[in-house]
Each structure stands twice: as C-alpha cells, then as structure tokens.
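> Here is a sequence with its predicted model. Questions after.
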Amino acid sequence: MKKSLILTTVVVLALGLRAETNAVFKCEVKVLDAAGQPVVGAVVERFPVNPFLTPTEPLPAVGRDTTDRNGAVLLTSTNQAFYSVVASKPGLGITWGGWYPGQMPDQEDAVVELAFTAPKTVAGIVQDAAGKPVAGVAVWVKTTFLAPGDKPNSWSFLPSSVSRRCFSAQTGADGKFRIEGLPEGTKLDLAITQPGMALDRPHESTAFMNPAFLEVESGQSDIVLTLKPAGVIEGRVVKSEAGEPVAGARVTFAGSTFGDDSIATAMSGSDGGFRFTDLEAGEYQLQARLGANEPPDLVGEVESVTVQAGATNRQAKLTLTPGGLLEVTVKNSSDDKPVLGALVHATAGGVGPAKPVRTSEKGVARFRLTPGDYQVFAQQGTRSASAGQVGVE
C-alpha cells in the first residue's frame, strides 16, 4: 500500500453529477392537506443544514414564504447545499422535507410536496431518581423522523437544531410537560436541559439516526423521563513533541455529529484544558484539532472516554501531531470535470474526522490525518464512489 506525507488520490463519481459553479437551483414547494388539496397561507421556512457541523446556536431560517392560492412557493438557491424545508399553519401538525440543490441531478428544478396532518402532542412527566417531579426542566425533541406514508423506507429526518426550534416545552411545578404541533406517525427522541442533570439512560452516539431505535411516537401522553446527576469530562490538549499544552484547540465528539447538534464543542484554554458538562453516562469518542482552516494545523487521534453518572472523568488527554496530508480529487465520470461541493470522507475503523471536507472549485478536498489506514469515499446526494483504502503517515 502506498504511503507518503502527501498522498494524492482521485475519486470518480458516477451518474453525471453537476460540476458547474454558477447555476441557479429552483424548488417548487407544494403544501397539501390530508385530502391532497392545496393549503393557502401556510408558512414555509428553509433552514441551511450542515449535518457534520455542530452550531453553538440554533440555525436561523434563511427564507420565509407564504403559500399562494395553489398552495405553493418557489425557492431558489445558488449554493450546492442541504436544506430542511418546514411548513406550518395554526391548527395543523408541522411538516417538513429536504431539498438538496446541486447534490443530485433531479434536485436542480425540484418539486417537494409537504402534507399536513392533524396536530399531535407528546406529553409526560420529568422526575428525579426518587420519583419526585422536577420543575423548570427544558424538554425538547432532539431527533424526529416523519412517517414515510406510501413510500417505504423514506423517513424524513429533521436535524436537532431545527427540531428543538419547532418542538420544545418546559415542565411545570408538577413536573409535567406537553409538546404540541407534531405530525401524525412521527418517531422521535427527547432531550432535556437542566444544569447538573442528565437523562437516566445510556449514551448512544448513533442510535438517534435510525427510527427503528426511537421509542417515542407522536400522540404519546405517558412518557416518564427520569433524571440523575450528570457526568463531566475534564481533560487537556497537548503537543506530542514535549507534551506542552495547546490553547485554542477545538474538541469535538467524533463519530456522532451527523444531524446531532445537541452536544456543543469545547475550546481548550491557555493551559490546554477543556470541559464538557451535563453528559449522560456512557462511552464518548473525543477528537481535537488546531486551526480554523481545512486542513487544520494539527490533529489528534480519536480517544475513548467513559462517563459515569454524577462523576467527573479527568483522565482525557488529547495529543496533537502534524499528521500527514491526504489530497482527494473528485471528478465527474461523464466529462472528467472537477466536482464542486462533493463531501469527501476519510474514516478509520468506522470513525473519521469530526466532519468530512467539501471539494473546491478544482474538485479537491484536503485532510490532515493522524497516521494510519483510511477508507476514502466521496458523496454527493445519494450517489457515492470509493477510492478504497489508503495509508497516511
């Protein structure tokens, strides 16, 4: 296997994906009622979604329109991007779908149909380990999947930042909560925000991405959420050469960020220290990097850290190195032109960098990686191609 400090590999994407950079993409959103009739006056909002980045604040809508007499609005974008499109109207359950301009050929002039249902609620109580109700707890929908209807295996996913904006509540003096406006047939996962507390359940970094693992459905009114003291991670980021502390490094939860922006990142202080609080018990994968650009200046191995309820783990030590550079060029198979905006992944043992890298106008994505063997593949929309295994040293 070829290994070098700067490794160049070429990935050819199939199916004639778009390579131009000056396109204007259009999407007609049609909003219908349960009988299939157009809904006039529905509010349609568009949220930009980078499913591999963790925002520190809820993402604002980049567009807000009202459906016309045909129940439609026209969206435009010059960006090759991911958008969650959310429709709402008083008295009806919120509905949503996705628009991916430039990511698939059929998304250049797309039509997205959103169907309203009767509104549903989820309700229940938040209690402590002794069974006493807890007041003032923020309860919100962390993940939600819209039922596929007549299209099997086509659950529509709403990222955490948008879910929280749409569906949240606070417990009263009796510990009870009620979240309204959900559509029928929705599978979801709930989260809480209460300083020093966490849900009494094992942390699962990827379970939220599969509706089969989500136990709550819209319409439930018997939910019991039990709190216990939260866990804490305290650690340091250091340089490999002398173990000196690194300030300004970004620490993230590796392998668990797709669509899940409910856990914030941390920045190391002048002593290299970082801290995560209010964590559920379980295993977490941490990774550090230094530098705001791609590729970063220094990178670290993924480290596993165990969190116990009510305890602080102070053993996390993340070591940064210069690593090696991996350069990937993505081309269109139909005309051999470079592909802009493709997502390139480099994973080792199923865990890769905190986020993939998008290709430039020249179709190039560059990684800085710790030494090892990586599976490299590129993706645009539902289409992907693999470069196989490559070595970085």
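Yep, that arrived. Numbers count the residues shown, from 1 in each chain.

> What residues sit buried inside stretch 224-235?
By neighbour count with 16 or more other CB atoms under 10 Å, stretch 224-235 contains the buried residues 225, 227-233, 235. In this view, the C-beta of every residue, glycine as well, is placed from N, C-alpha and C.

> same thing with stretch 334-347?
338-346.

> In strands only, show me these.
343-346 (DSSP state E).

> Most widely separated two among the residues you listed?
Farthest pair in these (CB to CB) is 343 and 346. Separation: 11.1 Å.

> Under a three-state scheme, what state does residue 283 occupy?
Judged by DSSP: H, G, I helix; E, B strand; the rest coil, the three-state class of residue 283 is strand.

> Which strand residues bridge it?
Beta-bridge partners of residue 283, counted by DSSP bridges, are residue 306.

> and it, how many residues sit next to it?
12 (other CB atoms under 10 Å).

> Helix or strand next in line after the strand or helix carrying residue 189, which one?
Assigning secondary structure by DSSP states H and E places residue 189 in strand 187-193. Counting by DSSP H and E, the next helix or strand C-terminal to strand 187-193 is strand 197-199.

> Checking residue 360 next. Helix, strand or coil?
Per three-state DSSP, residue 360 ends up coil.

> The nearest residue to it once chain neighbours are set aside and residue 389: what is the separation?
Distances taken as CB to CB, 6 or more residues apart in numbering place residue 340 nearest to residue 360, at 7.0 Å, with adjacent residues excluded. For residue 340, the distance to residue 389 equals 26 Å [CB to CB, to the nearest Å].

> returning to what we had before: now, among the buried residues of stretch 334-347, which is nearest to residue 171?
residue 343 (39.1 Å).

> And the helix or strand where residue 327 lies, what's buried?
Following DSSP H and E, one finds residue 327 within strand 324-332. Within strand 324-332, the residues that count as buried by 16+ other CB under 10 Å are 324-326, 328-332.

> At which residues are the strands of the stretch 201-350 of the chain located?
Per DSSP state E, counting those that start in this stretch, the stretch 201-350 of the chain carries strands over the ranges 216-217, 223-229, 231-239, 250-253, 266-267, 273-279, 282-290, 298-300, 303-307, 312-321, 324-332, 343-347.

> Could I get those strands in CSV, plus columns for mean pLDDT and distance to residue 162?
Formatted as CSV, those follow (pLDDT from 0 to 100; distance: least, CB to CB, whole Å):
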stretch, mean pLDDT, distance to residue 162
strand 216-217, 92, 18
strand 223-229, 97, 21
strand 231-239, 96, 27
strand 250-253, 89, 20
strand 266-267, 94, 23
strand 273-279, 95, 21
strand 282-290, 91, 24
strand 298-300, 91, 30
strand 303-307, 92, 27
strand 312-321, 94, 30
strand 324-332, 86, 29
strand 343-347, 84, 20
